[in-house]
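*Asks:* with the sequence up front, the predicted model follows.
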Amino acid sequence: MAKSISVTWSEGVNEQEWKILANVIDQTLKWLYLHHPLALMDPPLQTRIFGNWIIPILAPDRPYWGTQWYIDTSYNDELQRVIAPTFLELVRREPWQQQNPHFDLALLDQDLTDFPVPLAKLRPDHYCLGTSLPGTTAVMSVHQIRTLPDEHIRELALARLVRHHLGHVLGIPQFTRKEGTTRLGLEMHCTETCAMRHVATVEQLAELAREEAEMNWPFCEHCTQELLSIVVRNVYDWS
């Protein structure tokens, strides 16, 4: 059985935004599969689009009844933000992740912070565009991206955000890599001209998105080789 990538989004994410999310994942994986014919014929990473899902029999009183439960449980009313570490931990501990380990990518329209609540209250101006538990799950937000005035730049920025966190979910840059990386919390980031460079603000995201749009392939050679090795490993693990 192929390992899957579950893709979800909140109710407020519009059609254009979720289509960018799904298309970037699809295009990135297909580019990687082209370098390994067996992967192209029988993709080792199956993308499962769930969108804004709900399990009616569980809603609204039982845990894990739908996408909104994760948001409600991790949302802080005072900060008016989703607490990303809480959201990620809910995904990590969900019964489906325990029974059948898989990758998760979620896109929200609510603002995010990657600080725990006590620290976030000391820094109410701080936000994050997305964060991850490398090798497992990531949560991203379009909230700040929507403040960019140009539609084309918004699309580039969102695509870049998705590409970056897809990389983290798949486990790159790898912790064993000695050169061209820097660590931030649980995440490793690339320091080369690459989609895996870290950005802290929406303005930085837009700037790097424009720069990387000029590249034929937005990942550096090191990150590309790591991605290809992950594809090959999954081909032989699941074939």
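*Replies:* Yep, it's here. Residues are numbered from 1 along each chain as shown.
*Asks:* part of a helix, is residue 106?
*Replies:* No: counting by DSSP: H, G, I helix; E, B strand; the rest coil, residue 106 falls outside a helix, being strand.
*Asks:* skipping adjacent residues, who's closest to residue 230 in space?
*Replies:* Setting aside the residues directly before and after it, residue 230 is nearest to residue 170 in space (CB to CB, 6 or more residues apart in numbering), at 5.3 Å. In this view, the C-beta of every residue, glycine as well, is placed from N, C-alpha and C.
*Asks:* contacting residues for that neighbour?
*Replies:* Counting by CB atoms under 8 Å, 6 or more residues apart in numbering, residue 170 touches 103, 135, 227, 230.
*Asks:* residues touching the residue nearest to the spatial centre of the chain, list them.
*Replies:* Closest to where the C-alpha atoms of the chain average out (CA atoms, centre = their mean) is residue 165, at 3.5 Å. Residue 165 makes contacts with 105, 130, 132, 138, 140, as judged by CB under 8 Å, 6+ apart.
*Asks:* and the residues you listed, which of them are in strands?
*Replies:* Secondary structure from DSSP state E places 105, 130, 132, 138, 140 of the contacts of residue 165 in strands.
*Asks:* out of these, who's nearest residue 191?
*Replies:* Using CB to CB, residue 132 comes nearest to residue 191 of the ones in strands among the contacts of residue 165, at 18.0 Å.
*Asks:* one step back: show the pLDDT at the residue nearest to the centre of the chain.
*Replies:* Per-residue confidence (pLDDT) for residue 165: 98.
*Asks:* mind listing the strands for the chain?
*Replies:* Counting by DSSP E, the chain has strands at residues 3-9, 45-51, 75-76, 81-83, 103-108, 112-113, 130-133, 137-141, 181-184, 187-190.
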